[in-house]
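Undergrad: give me coordinates for this.
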Amino acid sequence: MAKSLQSGEHSRFSDLLDEPVDHLLLPIKGYQDKPLVPLIEAVQPVSQFFNEIEDNVYVALHNCQNPDDELTQDESASIHLYTMHFDDGPSLYLLLNRSLRGENREALKPWFSFFKLFMTALYKLPSQSVIVWRGVRDIDLSSKYKTGTKFAWWGVISCTTNIEVLESDQFLGKHGQRTLFSIECINGKSVASHSYFKNAEKEIILMPGSYFEVTGQLNPAPQLHIIHLKEITPPITLIKPPFSKSINIKSPSIPHKPSTVAQSVLKMSTQNSAADGFSVEISSKASTSVQSTSGGVTQSANPNTVAKEISPKLNAVAQPKSSTTIQNTTSKSSSKSIPPKLKTKWRQDGINISDGHCYDGEDEGLSGPCGLCVDDDQRVYIADSGNHRIVAVNQDVEGLELIAGGNGEGDGNNQLSFPADVIIDKENDCFIVSDYNNKRVMRWYRGKNRNGQTLISDIGCWGLAMDKDGNIYVSDIDEHLVRRWRIGDDYGTIVAGGNGQGDNLNQLNSPTYIFVDEDYSLYVSDRENHRVMKWMPHETEGIVVAGGNGEGSNLTQLSQPQGVSVNHLGEIYVADLNNHRVMLWYEGTTQGIVVGGYGAGHESEQLYYPRDLAFDGQGNLYVADEDNCRIQKFEMDNGVKLVL
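TA: Reported below is the predicted structural model:
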């Protein structure tokens, strides 16, 4: 049966010591193909791990007869069961999280039925963007979570919006060694009304496989260590959604903004606060001030500004770490097809041109498609990131054609590791590939052999572009800048950013996809600043041409923009990742227009985390629909006149 709150390392809010943050585990796949079954049936494959778990299932079902949030009784009860603390043996959350963190993914399979039910329940809950807290006592984790570190937490992440919950002796307490995580989340799920403890714990769950960046650390008092995390988009899909077709989702793309909790300031007393003369105030904006209560000097620190780098000025020559001479790439072709001119309209129902299912280890499906481009024959080339390869789709032929990689994940000349983008070099009849995890840009000649050639090394490459003179542009998501390599260059030249991570007009924050127009103006999707920037040649600052009004879902806002394409009229098309839509912005206007993707989902008119976009010569729109593992083609409406 269930019992009251447990303390210390056994609580859900402190269950994090075994997270493998020093390396990335394989994505979790396959559970989503299990049928939804009642809770009592879902726990049967793992029942041998527990002592009479059926009794706890009965309690959960009894307490969830009229659930909130339009969940079914079994869905709500799966959350209820997760929050319970079992007598006479380990609790369900403890063994579930241990399996989720295990390197042997086969050992997770007995959990698939319960995990499918539990994840379905979480996906149906509305998402919240708030500051949440979790922590652990009797240990300092500062050295494990250094500023700038990016990592995944694989277990179910139980947090609270109320710092006083963690202050209780049942969790962290107010004395002794403690590490407290302040987390700026974007997809938090409030389970308070479904929990065994109801509203007492103010519990917010972050999805298993959530991805974070450490943005700062503080030590406001002896033995109290505060680590600030920001939830960010992972480079690939780490855990698939729990459905293959459709589900009634309350879109996670329309979160409550952190400003909705900014009116309240969370206060926490530190160890021996009266004796030591310290108190710490931590606001929902994650700015922290440490004040002396004994009349001494007041100091302030903001974790978001900790350890900012000062990089070389715009147009400075890059350092030798990215040295490779670019030769024999005198192409005058562009990497992405230019979108149509005039105000155009596409059919709302997209066409899946990539077979329509996720790779399961046995077939040719896609896994986390990211970058894409289209050639003159309407062949679509895709960075199939999760499968570590580049593939092509010929719309007249069934199946996928292997172009590059496909020999397992690795750093060999015939291998790739999570490729993020691909462009076409027509002049040299080859492909340029951003091999993200191997931190290199590669060239693969069409049809000649299965080995690639490294063009640029030691770079946090993400997006690629090529101007009409054949110069290659690469966004460096780690260094927050874009470099250009001219023909014959040994070292790239910084053409955007390069002044440290930030949101000033001369800065970028995790740039993703890029586009270069006929006038050599560079457009950059500035992901963490939720905007698209335009950098004209020789300028030291960019201008905001889309978004830039904070993260959100209004027509004036973007949420972690990805793919970008621009035509000669200055129409800017953007893949708006977390809003699950494609938007059109006119340069000089203050808001955009939704042209594709109507709600988060899996139907033909919907998208689920669009990564990149491209156009063919007829003006048809192609979208890499990442979590749906498909490429959607949105055709032009009949009768629409195009000027190409």
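Undergrad: who does Ser525 form a beta bridge with?
TA: Residues found in beta-bridge contact with Ser525 (criterion: DSSP bridges) are Val532.
Undergrad: does it touch Asp576 like I think?
TA: No - with contact taken as Cβ atoms under 8 Å, Ser525 and Asp576 are classed as non-touching, separated by 9.8 Å. Glycine gets a C-beta too; all of them are placed from N, C-alpha and C.
Undergrad: common neighbours of those two, please.
TA: Taking Cβ atoms under 8 Å, 6 or more residues apart in numbering as the contact definition, Ser525 and Asp576 share the neighbouring residues Pro561, Gln562.
Undergrad: which of the two has more neighbours?
TA: Summary of the neighbour comparison: Ser525 and Asp576, criterion other Cβ atoms under 10 Å, with Ser525 having more neighbours (32 against 28).
Undergrad: residue contacts, that one?
TA: By Cβ under 8 Å, 6+ apart, the contact list for Ser525 reads Gly463, Pro511, Thr512, Tyr513, Ile514, Val532, Pro561, Gln562, Gly563, Val564, Val574, Ala575.
Undergrad: so is the fourth one in a helix, a strand, or just coil?
TA: Spelled out, that is Tyr513. Local secondary structure at Tyr513 is given as strand here, using DSSP: H, G, I helix; E, B strand; the rest coil.
Undergrad: correct me, but Leu94 touches Leu17?
TA: No - at 11.8 Å, Leu94 does not count as touching Leu17 under the criterion of Cβ under 8 Å.
Undergrad: the more surrounded of those two?
TA: The residue with the greater number of neighbours, taking Leu94 and Leu17 and applying other Cβ under 10 Å, is Leu94; the counts read 19 against 11.
Undergrad: how close does that one sit to Phe50?
TA: When distance is defined by Cβ to Cβ, to the nearest Å, Leu94 is 11 Å away from Phe50.
Undergrad: swap in Pro537?
TA: Here Pro537 is placed at a distance of 65 Å from Phe50 (Cβ to Cβ).
Undergrad: low-confidence stretches in the stretch 301-450 of the chain?
TA: 301-345, 355-363, 448-449 (pLDDT under 70).
Undergrad: recalculate using a threshold of 50.
TA: 301-335, 341-342 (pLDDT under 50).
Undergrad: can you check the chain too?
TA: Counting by pLDDT under 50, the low-confidence segments of the chain come to 1-9, 244-335, 341-342, 639-644.
Undergrad: same thing but 70
TA: Counting by pLDDT under 70, the ranges of the chain that qualify are 1-10, 13, 165-175, 199-201, 243-345, 355-363, 448-449, 568, 637-644.
Undergrad: which residues in it form helices?
TA: Secondary structure of the chain by DSSP state H: the helices cover 39-42, 53-63, 73-83, 92-100, 112-124, 163-167, 273-276.
Undergrad: among these, which is the most enclosed?
TA: Most buried of the helices of the chain by mean neighbour count (mean count of other Cβ atoms under 10 Å) is helix 73-83; its value is a mean of 26.
Undergrad: list the contacts for Ala614?
TA: Residues near Ala614 by Cβ under 8 Å, 6+ apart: Lys336, Ser337, Leu372, Cys373, Val374, Val380, Gly563, Ser565, Leu621, Tyr622.
Undergrad: now it, which residues is it bridged with?
TA: Taking DSSP bridges, one obtains Tyr622 as the residues bridged to Ala614.
Undergrad: list the contacts of Tyr609.
TA: For Tyr609, the contact set (Cβ under 8 Å, 6+ apart) comprises Thr237, Leu577, Asn578, His580, Asp625, Glu626, Asp627.
Undergrad: what's the separation between the last one and Arg389?
TA: Using Cβ to Cβ, one gets 19 Å for the distance from Asp627 to Arg389.
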